[in-house]
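Asks: From the sequence below, what's the structure:
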Amino acid sequence: MSRRRRPGTEAWSSSLVARALLDALSPEQRARVLERTGVVEAVLAEDERISAADELGLWREALDVTGDDQLGLRAAQTLRRGTFGALEYAVQSSATLTEALHRLARFARLHGAALATRFEPDPEGGATLGCPPVRHDDPRLSAVLGDFRLAALYVLGSHAVGAPMRVERARLGRPTPRRPEPYLELFGPRVEFGAERCELEFPADALGAPMRQRDDGLCRVLEEYLQRDLEAMDVNETFLARVREALRGRLAWGEPSVAGVAEALGIRERTLQRRLSELDTTFQDELDQVRRELALRLLRRADTTTHGVALLLGYAEVSTFHRAFRRWTGTTPGRFRRS
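Replies: Now for the predicted structure:
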């Protein structure tokens, strides 16, 4: 089982989510979205992590390019069996649907905030599987992201079960769409729009159903593996969050150094570099990531100049910033800004 490289430190998402979005686009639409956002498609080829800001940018541009208010639903349906690896196999090898959904909720955040999930049994023997509602200034984004999250949980669960899951009701936070038929085809006839919570409601008789591919031994092994990943993720994200915070705090004073960041963290230089190496990243990778995220954010603002952005990122020369930006995104700051 492969390690995920270069974990994020702030809000992040699995690149598998971004990949699903791109797979829902035509080749021409995909090329336009990637050019506008500066996201390199090769980064999305495997289970990597991308920042939440990059993911949100992809969704925003995809909406502008397609005008499709059901893009989230379509993107979730591009997910293929086995996409989420160990998580999917652990769910699949559970004893009952109740156990399967509980494991899905417990470990889904290993793949980012887009799949953060809760499983809540009710007194009548049924249960709900849901995700946090999406709140955004742009109601289009709120709608498509909410659609994607709930539909992805349904698709992922159905892959593990080996058949479409039977739900009593699906609740979505989005307004009623012009064409509700695709939602009814996916979730079943009882779909509620404009709901306060995004969730799937399961009847009691469905939850006790045995899983077709139950394997207690495999399930125990996979659960131990996922639990270690979850614990390591929490520890690693805390450490990398501190690294990036130290980097951001030093950018305005010029090029941050390993020595300066190590001093800020209260550790030795060799310890800092060793910990980063264990996380399959380097000091330069983390510095580039911080600079790239800040550059994309600052260049979207009308009150900044390219020269000012370069200085804020710690570059002594604007030309050096231009070369770095082209390396990160494949385009120039000016072209990115105009797009």
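
Asks: Confirm that residue 119 sits in a strand.
Replies: Yes. Under DSSP: H, G, I helix; E, B strand; the rest coil, residue 119 sits within a strand.

Asks: Mind listing the residues bridging to it?
Replies: Beta-bridge pairing for residue 119 (DSSP bridges): residue 129.

Asks: residues touching it, list them.
Replies: 101, 102, 104, 105, 106, 127, 128, 129 (CB atoms under 8 Å, 6 or more residues apart in numbering). All C-beta spots, glycine's among them, are computed from the backbone N, C-alpha and C.

Asks: One more pass at 6 Å, please.
Replies: 101, 102, 105, 129 (CB atoms under 6 Å, 6 or more residues apart in numbering).

Asks: As CSV, those residues with neighbour count, secondary structure and distance to residue 278 would be great.
Replies: Shown next, in CSV, are the contacts of residue 119 (neighbours: other CB atoms under 10 Å; DSSP: H, G, I helix; E, B strand; the rest coil; distance: CB to CB, whole Å):
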residue, neighbour count, secondary structure, distance to residue 278
101, 26, helix, 34
102, 17, helix, 31
105, 21, helix, 29
129, 23, strand, 35
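
Asks: Pick the one among those closest to residue 233.
Replies: The closest of the contacts of residue 119 to residue 233 turns out to be residue 105 (CB to CB; 16.1 Å).

Asks: Go through the longest helix along the chain and flag the buried ones.
Replies: Ordering each helix of the chain by length in residues (DSSP state H) puts helix 216-251 first. Buried residues in helix 216-251, counted by 16 or more other CB atoms under 10 Å: 219, 222-223, 225-226, 229, 236-237, 239-240, 242-248, 250-251.

Asks: what mean pLDDT does it have?
Replies: Average pLDDT, helix 216-251: 88.

Asks: any chance you could map the helices in the stretch 51-200 of the chain?
Replies: For the stretch 51-200 of the chain, applying DSSP state H, counting those that start in this stretch gives helices covering 52-66, 71-76, 85-92, 97-107, 139-161, 181-187.

Asks: among those, which is nearest residue 213?
Replies: Residue 213 lies closest to helix 85-92 among these, at 5.2 Å (CB to CB).

Asks: now for that closest one, which elements pack on it?
Replies: Applying 3 or more CB pairs under 6 Å, 6 or more residues apart in numbering; DSSP states H and E, one finds that helix 85-92 contacts helix 97-107, helix 139-161, helix 216-251.

Asks: Show me the one of the ones you listed that comes nearest residue 115.
Replies: Across these, closest to residue 115 is helix 139-161 (CB to CB), at 6.5 Å.

Asks: Give me the distance from the closest one to the chain's centre.
Replies: 12 Å (CA atoms, centre = their mean, to the nearest Å).

Asks: and what of stretch 100-108?
Replies: 17 Å.

Asks: which outside residues touch it?
Replies: For stretch 100-108, using CB under 6 Å, 6+ apart, the contacting residues are 87, 90, 91, 94, 115, 117, 118, 119, 129, 211, 226.

Asks: Just name the closest of these to residue 191, please.
Replies: residue 129 (15.1 Å).

Asks: what's around residue 81, how many residues?
Replies: 13 (other CB atoms under 10 Å).
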